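J.: kindly return the folded structure for what I paste below:
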Amino acid sequence: MASPVSFLRTTSFRFLAWYAAIFGISVVMLFATVYWITLAALDRQRSESVQRELQVLSDLYSERDVDSVMRAIQLRVIDLRPPRRYYLLQDASGTRIAGNLPPMKPVEGDVELPVSALFPDRVGKSEDPLDAYPVAALGLRLENGGFLLVGENQYRTIKAREAIIRAFSWGILITVLLAAGGGMVLGVGFLRRIEEINRTTRSIMEGDLSQRVPARGGGTEMDQLALNLNAMLDRIQMLMESVKRVSDDIAHDLRTPLSRLRHQLESAQSKAAPGEDAVIEQSIAELDSILATFSALLRIAQIETGARKAAFSCVDLAQIVKSVADAYVPVAEDRDQKLEVMIGRPSSIHGDRELLTQLVANLIENPIHHCPAGVKITVGLRRDADVTVFYVADTGPGIPASERDKVFRRFYRLEASRTTPGNGLGLSIVKAIADLHGASVELSDNQPGLKVAIRFPATAERGAAKK
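T.: Below is the predicted model:
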């Protein structure tokens, strides 16, 4: 069974990451636009306010005199409320005659005056928080050579900028988190639907063809996919049942007459003339071979459908290997062969006892039938890391490396084995049973001879433990 997919590697997570990134960039761009528009509006408002104030004082100077401007400035500097205004009125010689700013070189137009330049003695000492902010000012030369400057403390602008940045930062963070959270909820919901499909397909792979993908009835694309998959599964189940019925019909329609024919030959053998007895005996042997081949083919077809997997249970593989090997010891001795059994502690796996018994029997029987007298056959069961390994090794002629992948084909036989009884289906059945149990079959050189190893994965053992 495939392991669950890591969320970080899923398409949902990648979509979520792209969505969050694009959404976050869009929100940042939106907030940046609002930020610059807001600050520009504040700067424009402040600039227009300073310009109006400068125009009022300039008009007062034009309509009246310098003394009127001085009195107006003195009244204004008394007001310390934000936004604090700053004024400077100098005569032609550069002497300050009114205002709350120190004398400076006349500068016409917009100018920003840092606190360190205006009040160097207050830097780091003043208890007034407004003294920490620069002054945005506008200067104007008067007709008498004097200089008039009006400025406004940037406290409001800077505080507004800080407030906007703070609000936007929290807004961006909360928005991105909400987007990510919402996307994750949607992604997890999507993954749950995918996992439902995965669970269904795993159950079907294990032989339960009745399983179907659940549809929630919302009319979504996932429901449409579920309906299509279920329709496909219905079709597959129907075809599998049709194949099974055909196989059963073949088994009934062909095996029965063949068995009847064998019985008739046995009856005829008892009445046959002395010269005909050997011919009838040979015909019976050929019929037995045909029936065995036919049974083996049906057995492979049954195994490959996977239907037997639904009835898996906890079985002790060590007990199966020992009982089968003990049964073959006298058979090997009759052929002047030595059969040695090496089994460790009990080893339980999740599987089909009957099929595992056939797998063990086929692998032990193979070297007994195809190896000459005097060979040693070793049957063993061991633990290899987290894998249970059943193996059969012999000291016979072995199988050439170029032929090892071919021996699992149906009816394939080595040239050296064509004179021995058999149908070339023994290892095909072994491979089908191993595949059904999720095990691998490995053929290697035993130096001399052949070693066949069946490696049952840890998942088979965990399945046994759950039982």
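J.: and the strands in this structure?
T.: 85-90, 96-99, 109-113, 135-141, 147-153, 313-316, 338-343, 348-351, 376-384, 387-394, 440-445, 450-456 (DSSP state E).
J.: restrict the first one to CA atoms and write it as CSV.
T.: Taking C-alpha atoms only, strand 85-90 is exported to CSV below (Å, rounded to 0.1, in the frame of the first residue of the first chain):
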residue,chain,number,x,y,z
ARG,A,85,3.4,76.3,13.4
TYR,A,86,6.8,78.0,13.2
TYR,A,87,7.4,81.5,12.0
LEU,A,88,10.4,83.7,11.2
LEU,A,89,10.4,87.4,10.2
GLN,A,90,13.8,88.9,9.4
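J.: pull the longest helix from this structure.
T.: helix 11-63 (DSSP state H).
J.: that one: how far from the chain's middle?
T.: The chain centre lies 44 Å from the centre of helix 11-63; the measure is Cα atoms, centre = their mean, to the nearest Å.
J.: tell me the angle of it relative to strand 147-153?
T.: For helix 11-63 against strand 147-153, the angle by axes from the mean of the first three to the mean of the last three Cα atoms, to 10 degrees is 150 degrees.
J.: could you find the closest non-adjacent residue to Leu101?
T.: Leu88 (4.0 Å; Cβ to Cβ, 6 or more residues apart in numbering). The C-beta positions use only the backbone N, C-alpha and C, and glycine is treated the same way.
J.: might you report the residue contacts of the one you found?
T.: By Cβ atoms under 8 Å, 6 or more residues apart in numbering, the residues touching Leu88 are Arg96, Ala98, Gly99, Asn100, Leu101, Pro102, Pro103, Met104, Phe147, Leu148, Leu149, Gly151.
J.: now with 6 Å?
T.: Gly99, Leu101, Leu149 (Cβ atoms under 6 Å, 6 or more residues apart in numbering).
J.: what is the burial count for the last one?
T.: Per other Cβ atoms under 10 Å, the neighbour tally for Leu149 reads 25.
J.: how many other residues sit next to Asp223?
T.: 16.
J.: surely it meets Pro214?
T.: No: with contact defined as Cβ atoms under 6 Å, Asp223 does not count as touching Pro214 (9.5 Å).
J.: one step back: compare the strands of the chain and give me the one nearest Thr357.
T.: strand 313-316 (9.2 Å; Cβ to Cβ).
J.: just checking: what are the partner strands of that closest one?
T.: If you go by DSSP bridges, strand 313-316 pairs up with strand 348-351 (antiparallel).
J.: can you show me the CA trace of stretch 26-39 as PDB?
T.: C-alpha atoms of stretch 26-39 as PDB (Å, rounded to 0.1, in the frame of the first residue of the first chain):
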ATOM      1  CA  SER A  26      -1.700  42.000  -4.600                       C
ATOM      2  CA  VAL A  27      -2.700  43.100  -1.100                       C
ATOM      3  CA  VAL A  28       0.800  44.600  -0.600                       C
ATOM      4  CA  MET A  29       0.500  46.500  -3.900                       C
ATOM      5  CA  LEU A  30      -3.000  47.700  -3.000                       C
ATOM      6  CA  PHE A  31      -1.900  48.800   0.500                       C
ATOM      7  CA  ALA A  32       1.200  50.500  -1.000                       C
ATOM      8  CA  THR A  33      -1.000  52.400  -3.400                       C
ATOM      9  CA  VAL A  34      -3.300  53.500  -0.600                       C
ATOM     10  CA  TYR A  35      -0.300  54.400   1.500                       C
ATOM     11  CA  TRP A  36       1.300  56.700  -1.100                       C
ATOM     12  CA  ILE A  37      -2.100  58.300  -2.000                       C
ATOM     13  CA  THR A  38      -2.800  59.000   1.700                       C
ATOM     14  CA  LEU A  39       0.600  60.500   2.400                       C
END
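J.: pull out the buried residues from stretch 440-451.
T.: Under the neighbour-count criterion of 16 or more other Cβ atoms under 10 Å, stretch 440-451 has Val441, Leu443, Asn446, Gly449, Leu450, Lys451 buried.
J.: ok, now stretch 343-353?
T.: Ile343, Ser347, Ser348, Ile349, His350, Gly351, Asp352, Arg353.
J.: let me have those in CSV, extended by distance to Val360 and pLDDT.
T.: Shown next, in CSV, are these (distance: Cβ to Cβ, whole Å; pLDDT from 0 to 100):
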residue, distance to Val360, pLDDT
Ile343, 11, 87
Ser347, 13, 79
Ser348, 15, 83
Ile349, 12, 87
His350, 16, 87
Gly351, 11, 88
Asp352, 12, 87
Arg353, 11, 89
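J.: what's the farthest-apart pair in the residues you listed?
T.: Ile343 and Asp352 (20.1 Å).
J.: for Met222, which non-adjacent residue is closest in space?
T.: Arg193 (5.0 Å).
J.: what pLDDT is listed against that neighbour?
T.: On pLDDT, Arg193 comes in at 80.
J.: and for the one 4 residues further on?
T.: At Ile197 the predicted local distance difference test score is 83.
J.: correct me, but it touches Arg212?
T.: No: look at Ile197 against Arg212 with Cβ under 6 Å: they stay out of range, at 10.4 Å.
J.: which one of the strands of the chain lies nearest to Thr11?
T.: With Cβ to Cβ as the yardstick, what comes closest out of those is strand 440-445 (30.7 Å).
J.: show me what that closest one is packed up against.
T.: Judged by 3 or more Cβ pairs under 6 Å, 6 or more residues apart in numbering; DSSP states H and E, the packing partners of strand 440-445 are strand 450-456.
J.: angle of the strand it packs on against strand 387-394?
T.: Going by the same axes, to 10 degrees, strand 450-456 makes 160 degrees with strand 387-394.
J.: quick one: residues in contact with strand 450-456.
T.: 349, 363, 387-394, 398-399, 434, 439-444.
J.: let's see it at 8 Å
T.: Contacts of strand 450-456 (Cβ under 8 Å, 6+ apart): 317, 349, 351, 359, 363, 366-367, 384, 387-394, 396, 398-399, 430, 434, 437-445.
J.: buried ones among the residues you listed?
T.: 317, 349, 351, 359, 363, 366-367, 387-394, 396, 398-399, 430, 434, 437-439, 441, 443.
J.: show me the shaky parts of the stretch 351-467 of the chain.
T.: Applying pLDDT under 70 to the stretch 351-467 of the chain flags residues 410-424, 458-467.
J.: rerun at 90
T.: Residues of the stretch 351-467 of the chain meeting the criterion pLDDT under 90: 351-355, 358, 362, 365-367, 369-372, 374, 382-388, 396-443, 445-449, 456-467.
J.: where along it do the helices fall?
T.: Along the stretch 351-467 of the chain, counting by DSSP state H, counting those that start in this stretch, helices occupy 353-370, 426-436, 458-466.
J.: what would those look like in a markdown table with distance to Ala273?
T.: Compiled in a markdown table, those are given as follows (distance: least, Cβ to Cβ, whole Å):
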| stretch | distance to Ala273 |
| --- | --- |
| helix 353-370 | 34 |
| helix 426-436 | 37 |
| helix 458-466 | 58 |
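J.: count of residues packed around the residue nearest to Asn144 when sequence neighbours are not counted?
T.: Nearest residue to Asn144 in three dimensions, chain neighbours excluded: Ala92, at 6.3 Å (Cβ to Cβ, 6+ apart). Per other Cβ under 10 Å, the neighbour tally for Ala92 reads 12.
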